[in-house]
Each structure stands twice: as C-alpha cells, then as structure tokens.
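[1] The amino acid sequence is not available; the structure is as follows:
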Ligand code: B12
Ligand code: SF4
C-alpha cells in the first residue's frame, strides 16, 4: 500500500483529478473566498469540510478546458493579499464567491482591486448574488452570476480571452458602460455526473488540515420549502429540475479517487440537503457504499444530513445507513415547538416523529446531532422551553444551536420586514448573536439563553466538565475579542497537525 507522506506528494495526488495535460495554459483565473472564522493568515481554511463546492466545481471545469486557477483568501488582518495576488498572478478574471454575511467584506476588497487594476474583470457569484443580484450590482463587481456558474464562467473566460467585451452569457448580469445586460437564466445542470469532480488541489495551499475529513457533494437542491432556508428561493432562479442527485456510481468513483490518494482515509461527510430527498436513491447509494467498502482494509465511515418527514420508514433507512458504514446523522429539529415549526418555519412533522427518528437511529447504533434555532419570529420563551424539553427527552449526541437570521430572498425575511423586525439588525456574528427584538422574546433573553444553552440542554445528562467546556466554547464563539485571541493562540500551536498524523503511520 502506497502512503503519501509529504505535502508535495499529496499535492500531486490531488492534481491527478486532471488527468489530461495541456500544452498551453489559456487564461488565469483567480478565485476569492472569505471565511469569517479563518485559522491564520497563511492557512485560513480550517479543514476540507469548509471548502466551498461552488468555486471548486467552476475551477475544475476551467482547468479541464485548459485554464489555470488559484484561490486567495483574504482575512481582516491582510486585505491587501488579493491586490498582491492580482499583481503577481496577473489573472484575466477575478471570481468572488459570496454568502450574505461575507458580501460586505468582499465588496470592499473588490473596490480596492478596481481602484488599482481597473481593467481586470471582477465577477461575483454564490447564494447571496443569486438571491439579491440587484443589490450586488451596486458594488464594484462588473459581473454578477445568478444561479449555477460552471458554464457561464467558462463562456466568460473564453470571451475575455478572445479580446471582446463579454456579453450574451446566460445567468450573467454584466455591467457595460451605461447599462446592465441582464441575461436570461439557463436551466439547472440536469446531469450532475457530467461535471468533473470538484477541484480539491486548488485549496491545498490554504488548508490548515490538508488531511482532515472531506465532504462530497452528493446532490444539489432540496424538495422542501422551509420558510427560513434559501432553497425555495434558489429553486426559482432557473428553469429545469432543481433537485438533482449524482448517481451512486459517480459518488463512489469520487470516494475511490480519494482513497487512491489517501489509502488511510476513513471518514467522509456525504453533503446533501437531506439523504431522504429520494428514498430509492438513498437505498441504492447505501448499497453502493457497502459494496465499495468491502474492497478496503481501512473502510470509510460516513455522516450525512437528514430531514424528518412523517411516515418515513426509519427502520429501513437507518438499517441501510448502518450497513453502509454511516456512523452519524445530523437531523434538523430547529424548534421543539410544533406551532413554530408548522406555522412559521413550514416544517411539517410532529415531536413524536422526532422522538421516533432519534430512538430508531440509536437502535441502529447511529450517533445523532441536531440543528436548532433560537430567536425565530413569533417565538416566545415558552416555545424555546419546548426545544429544551424535547432535547432533554431525545438526548442527541450533540446539538448545534444558531440564532435565527433572516436571509434576503427568503419568505421569512419578507415576513420579518412586514413585521418591522429588521430595523437596526446586527450583522456582526450572524447566527451567533441575537438579531431580532421579538415581542415575546427580547434580544437580551435570547442572548442569555443562547449563551447558556449548553447548560440548559445538557446539565444532568452529560458530565459537568463537558458542560463547562461547551459553555466556554459558546462564549468564545460569540465574541469578536475572544475569536481574535483564539486565532493568535492557534497560530502558535500545532493543534491541527493531528489531522495529518492520523493518516501517516509513524513507521513510514
Ligand atoms: C455545503 C454548504 C456549506 C459548506 C460549504 C460552504 C460553501 N460556501 O459552499 C459549509 C459547511 C462550509 C458552509 C458554511 C457556511 N454556510 Co452554507 N451551505 C451549504 C449548502 C448546504 C450547499 C452549498 C453548495 O455546496 N451548493 C452546491 C454548489 C455547487 O453551489 P453554490 O455554492 O451555490 O455555487 C454555485 C453558484 O452559486 C455559482 N457560484 C458560486 N460562486 C461563484 C462565483 C462566481 C464568480 C460565479 C460566476 C458563480 C459562482 O456557481 C456555483 C456552481 O454552480 C447551502 C444550501 C444551498 N442550497 O445552497 C448552504 C448555504 C449556502 N450556507 C449558508 C450559510 C449561512 C453558511 C455560513 C455563513 C454558516 C456559518 N455561520 O458558518 C457559512 C459560510 C461559509 C462561507 N464563507 O462561504 C446559507 C447562505 C445564506 C445566504 N443567503 O447567504 C445557505 C444558503 C443555507 C441556508 N441557510 O439557506 N455551508
Ligand atoms: S429541509 Fe433543510 S435544506 Fe431543505 S428546505 Fe428545509 S431547511 Fe432547507
């Protein structure tokens, strides 16, 4: 068995995804990604699981067509790094990817580049520009992508390369002197198997833990329409089928590609909005993973997301997951109040369904994590007490609590606006700090419960020292000052090197 044991070797292994070699590099494209929770200036990206799939897929498509790509990740400590890369790398196009919370910072970076390099095209894509393109067009970006970006970016690169001013590219809004060309949408990519695997190599120089657990994107879109989530809005940006799943064979092929580079890899997150999006597909995937694992001495264990639906055959699903070597599922409970879930969030299942799901998962030896929110419009203290009560009943292995945040483009954002809840919303530390002042649940009360949530959810159920540890982490994550301090400490320690050691036996 060949073990890769140097960063250079790992790099060339990851590069093997692009089996075809090109005589000539056509154009250079620089991607810009920003993480608020960066690790350090040199290695800002914590782990593979933080890699954004959007630009990884675009980069892959560009490289396959013979172009060269690189990613730069600015931090608040070194905003100038993007200008420096533009100067030294000399790209023909700079591509920014953005969610709502990163947009302001990225716009400032774009402004700086525009000032120094007015001739370089700046494109922006991602969830936020897809949902609020008009707002994004007010920033210094020349081009805004609405929806999927693989083929629009490829066309854009080809047009820029030919020397003309780009135009007529479906999915792209392009600023052209005095007007904006708003091109029509192109249908969602119908066959995800037709795409090359995402480019992992491009992230390696930025990863603090290059051998950490990777995620594999198994599908795009979600069949549900929860009012706070972006899916119901993203479904409308293009025509064609929105929920698309890769074939089990294609997913297995990507895992086997990973295993060929990292034979000791033993843990992968299957990223899909919900594994229950299509039951037939889920069972076929489980069968394919089970057969694949039989080929390896070091088998791969998996985790995934699952959205509960009433009437779901949990016995059959969890049995299949267990046989395929899944060891955990993350389940969105969101609120323990059936009223809030049904009337506000538009999630239709009962607390009984939640209990049945988690108890069955446990029966099949699966660990369960839960996603939850606090500060939901219409929520009162009593509703959040029900969230705590439900958790103390089902006792998940871990829980994640975020403060509700209204993303533009979602139905709940519009409702918050109508209710006048958005005036003076705190944008900093989105989802980690109370955002809305609710009639039955003040910001102060939300903040207090959020900060004390590890104790409220877990005291008496897990060892007290673990509750204390969680309380400490919660405090750390909700303060800018503590986050900065943590970064400094991390820079001087090598905590993340544990990820590397995991795959490289000491005898090698
Ligand atoms: C996987 C995932 C993650 C992963 C990977 C992150 C990532 N940026 O891809 C992780 C766990 C790291 C993550 C983190 C976060 N996430 Co997230 N995540 C998702 C999820 C479930 C799928 C995203 C995905 O991979 N889609 C498939 C890829 C292929 O599509 P894509 O990313 O949209 O990219 C395509 C287009 O947008 C476009 N495109 C993208 N960039 C560019 C750039 C250019 C120049 C062009 C032309 C086109 C283009 O082309 C791409 C390929 O077709 C979505 C839900 C969803 N339905 O989108 C939430 C989602 C994107 N996440 C969300 C949030 C809020 C976050 C966090 C802020 C949470 C947090 N506090 O940590 C962070 C932000 C991290 C960051 N700095 O980007 C929100 C964003 C809401 C909003 N309006 O901004 C979403 C929509 C979930 C929701 N609540 O509805 N996330
Ligand atoms: S089930 Fe999850 S991913 Fe799907 S719409 Fe609801 S919140 Fe979004």
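    Yep, it's here. The shown structure was predicted, so the numbers you read here are calculated from the model rather than taken from an experiment. Numbers count the residues shown, from 1 in each chain. Ligands and ions are numbered 1, 2, ... in the order given.

[2] quick one: low-confidence parts of this structure?
    Counting by pLDDT under 70, the chain shows low-confidence ranges at 1-25, 426-429, 480-481, 487-488, 490-508.

[3] what's the burial count for residue 206?
    By the measure other C-beta atoms under 10 Å, the count of residues near residue 206 is 21. In this view, the C-beta of every residue, glycine as well, is placed from N, C-alpha and C.

[4] how much space between it and residue 46?
    For residue 206, the distance to residue 46 (C-beta to C-beta, to the nearest Å) stands at 10 Å.

[5] now residue 249
    In this view, residue 249 and residue 46 are 31 Å apart by C-beta to C-beta.

[6] These two: who's more crowded?
    The residue with more neighbours, out of residue 249 and residue 46, is residue 46; 20 against 12, by other C-beta under 10 Å.

[7] got a list of what the more buried one touches?
    Contact analysis of residue 46 by C-beta atoms under 8 Å, 6 or more residues apart in numbering lists 35, 37, 38, 39, 208, 209, 212, 496.

[8] how close does the first one get to ligand 1?
    What that stands for is residue 35. With distances defined as C-beta to the nearest ligand atom, to the nearest Å, the gap from residue 35 to ligand 1 amounts to 5 Å.

[9] Can you classify that residue by secondary structure?
    coil (DSSP: H, G, I helix; E, B strand; the rest coil).

[10] who's in contact with it?
    When contacts are counted by C-beta under 8 Å, 6+ apart, residue 35 is found next to 44, 45, 46, 50, 73, 102.

[11] Which among those count as buried?
    44, 45, 46, 50, 73, 102 (16 or more other C-beta atoms under 10 Å).

[12] Just flag the most distant two among those residues.
    By the measure C-beta to C-beta, these have their two most distant members at 46 and 102, which lie 15.3 Å apart.

[13] Work out for me the element residue 447 sits within.
    Assessed by DSSP states H and E, residue 447 sits inside helix 443-451.

[14] So residue 331: helix, strand or coil?
    The three-state label for residue 331, taken from three-state DSSP, comes out as strand.

[15] how about a markdown table for the buried ones among the contacts of residue 35, with secondary structure and distance to residue 432 added?
    Written out in a markdown table, the entries for the buried ones among the contacts of residue 35 read as follows (DSSP: H, G, I helix; E, B strand; the rest coil; distance: C-beta to C-beta, whole Å):
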| residue | secondary structure | distance to residue 432 |
| --- | --- | --- |
| 44 | coil | 19 |
| 45 | strand | 19 |
| 46 | strand | 16 |
| 50 | helix | 16 |
| 73 | coil | 21 |
| 102 | helix | 15 |
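
[16] got CSV for the residues you listed, with distance to ligand 1 too?
    Conversion of those to CSV gives the following (distance: C-beta to the nearest ligand atom, whole Å):
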residue, distance to ligand 1
44, 10
45, 9
46, 9
50, 4
73, 9
102, 5
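
[17] Just list the residues touching the spatially most central residue of the chain, thanks.
    The central residue of the chain, meaning the one whose C-alpha is nearest the mean C-alpha position (C-alpha atoms, centre = their mean), is residue 52 at 6.0 Å. Residues counted as contacts of residue 52 (C-beta under 8 Å, 6+ apart) are 33, 97, 126.

[18] which among the residues you listed are in contact with ligand 1?
    The residues of these that also fall near ligand 1, by C-beta under 6 Å from any ligand atom, are 97, 126.

[19] Now tabulate the contacts of residue 52 in CSV and tack on distance to residue 144.
    Supplementary listing: these in CSV, determined by distance: C-beta to C-beta, whole Å:
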residue, distance to residue 144
33, 17
97, 12
126, 10
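
[20] Closest to ligand 2 out of the contacts of residue 52?
    Using C-beta to the nearest ligand atom, residue 126 is the member of the contacts of residue 52 that sits closest to ligand 2, with 16.5 Å.

[21] mind giving me the domain ranges of this protein?
    Per automatic domain parsing, the structural domains of the chain span 7-182, 213-477.

[22] For the last one, measure first residue to last.
    What that stands for is domain 213-477. 22 Å (C-alpha to C-alpha, to the nearest Å).

[23] Distance from the chain centre to it, please.
    From the chain centre to the centre of domain 213-477 is a distance of 12 Å (C-alpha atoms, centre = their mean, to the nearest Å).

[24] Check stretch 200-211 too.
    On C-alpha atoms, centre = their mean, the centre of stretch 200-211 falls 16 Å from the chain's centre.

[25] From here on, call the first residue 29.
    Noted, 29 is the first residue going forward, which turns the last one into stretch 228-239.

[26] Could you check that stretch against ligand 1 for contacts?
    No - using C-beta under 6 Å from any ligand atom, stretch 228-239 never reaches ligand 1; the gap is at least 11.6 Å.

[27] do stretch 363-374 as well
    No - applying C-beta under 6 Å from any ligand atom, one finds that stretch 363-374 is not in contact with ligand 1, the shortest distance being 12.0 Å.

[28] what about that stretch and ligand 2, touching?
    No - where contact is defined by C-beta under 6 Å from any ligand atom, no part of stretch 363-374 touches ligand 2; the two come within 8.1 Å at best.

[29] Which positions in that stretch come out as buried?
    Taking 16+ other C-beta under 10 Å as the basis for neighbour counts, the residues of stretch 363-374 that come out buried are 363, 364, 365, 366, 368, 369, 372, 373, 374.

[30] Contacts for that stretch next, please.
    Outside stretch 363-374, the residues that reach it (C-beta under 8 Å, 6+ apart) are 253-256, 362, 375-379, 400-401, 404-407, 410-412, 414-419, 439-440.

[31] Could you list the residues of the stretch 179-328 of the chain in contact with ligand 1?
    Residues of the stretch 179-328 of the chain lying close to ligand 1 (C-beta under 6 Å from any ligand atom) are 180, 181, 245, 248, 257, 258, 259, 262, 299, 301.
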